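>>> fold the following and give me the result.
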Amino acid sequence: MSDSFFPDVPPIRYEGPASDAPLAYRWYDRDEVLLGRRMEDHLRIAVCWWHTFCNRGGDMFGADAFERSWFGDDLASAGQKVDAAFELFAKLGVPFFTFHDRDVAPEGASLRETNANLDRILDRIEERMRETGVRLLWGTANLFGHPRYAAGAATNPDPEVFAFASIALRTCAARPSSSAAFSRWSWTTSTVPASPARCSSSRSRWSRPSTSTTATRRPCTRSCAASVSSARSG
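Okay, here's the model as predicted:
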């Protein structure tokens, strides 16, 4: 693990309702048993990757307000973001996290490079999961943030955009089956099914639909057709 990203933040503990500490749980005691289950098992609290680590603090009325060392569109920044995320998960004492593929890994110059970027970062996430015991509550493909999806993903009238979306989702859906360490991972989608050959067999693995509308928009600087053709060419 790299040097601390949050050196002034101590681990957050349950201190009870009488606590006046600014960083403490007053009502959430994860080990308290209620109706036969720990509070942590009832609530299943998770940190959302996109709000917490991708949000730059900007909106339509002003420029970005947050400065974070992991902001960037390259793999080095994505790796830093993973280390920062799992440090924060540990200090918060939360059992789960959630993300979209584009939250954790940048797009490449082609779909093949994009998928390779995701694989590299998921390897790093998998390592941190083993180290910390923090689990994935759900993960999904971002099929709404890029301008290519302005007319939808599965609903897009351009078959090349549909193909791009299907391959992106299939890449996500295939990951848990590739490693025993991902057996607790959950993948979900609300936008597009996997490729027709996988649709009926994969759907049962998904949990609930993603409801996030937050996305980092990037200009479409390449042809979706070229990206899809590159992925198909082997």
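
>>> the most centrally placed residue in the chain: what's its closest spatial neighbour, skipping adjacent residues?
Centroid check for the chain by C-alpha atoms, centre = their mean gives F99 as the closest residue, at 1.6 Å. Leaving aside its chain neighbours, F99 sits nearest to W49 (3.6 Å; criterion: C-beta to C-beta, 6 or more residues apart in numbering). No exception for glycine: its C-beta is placed from N, CA and C like everyone else's.

>>> mind listing the strands for this structure?
Per DSSP state E, the chain carries strands over the ranges 33-34, 37-38, 46-48, 96-100, 135-140.

>>> just the C-alphas of the fourth one, formatted as PDB.
Spelled out, it's strand 96-100. Extracted in PDB, the C-alpha atoms of strand 96-100 (Å, rounded to 0.1, in the frame of the first residue of the first chain):
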ATOM      1  CA  PHE A  96     -18.800  -3.100   0.700                       C
ATOM      2  CA  PHE A  97     -18.200  -0.800  -2.200                       C
ATOM      3  CA  THR A  98     -19.800  -0.300  -5.600                       C
ATOM      4  CA  PHE A  99     -18.500   1.000  -9.000                       C
ATOM      5  CA  HIS A 100     -19.000   1.200 -12.700                       C
END
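
>>> returning to that earlier point: who touches the residue nearest to the centre of the chain in this structure?
C48, W49, W50, L136, G139 (C-beta atoms under 8 Å, 6 or more residues apart in numbering).

>>> let's see it at 10 Å
The neighbours of F99, taking C-beta atoms under 10 Å, 6 or more residues apart in numbering as the test, are 46-50, 52-54, 85, 105, 121, 125, 136-140, 142, 212.

>>> so where's this protein shaky on pLDDT?
Counting by pLDDT under 70, the ranges of the chain that qualify are 1-2, 176-234.

>>> the longest helix in it is where?
Longest helix in the chain, counting residues (DSSP state H): helix 111-132.

>>> that'll do, ta.
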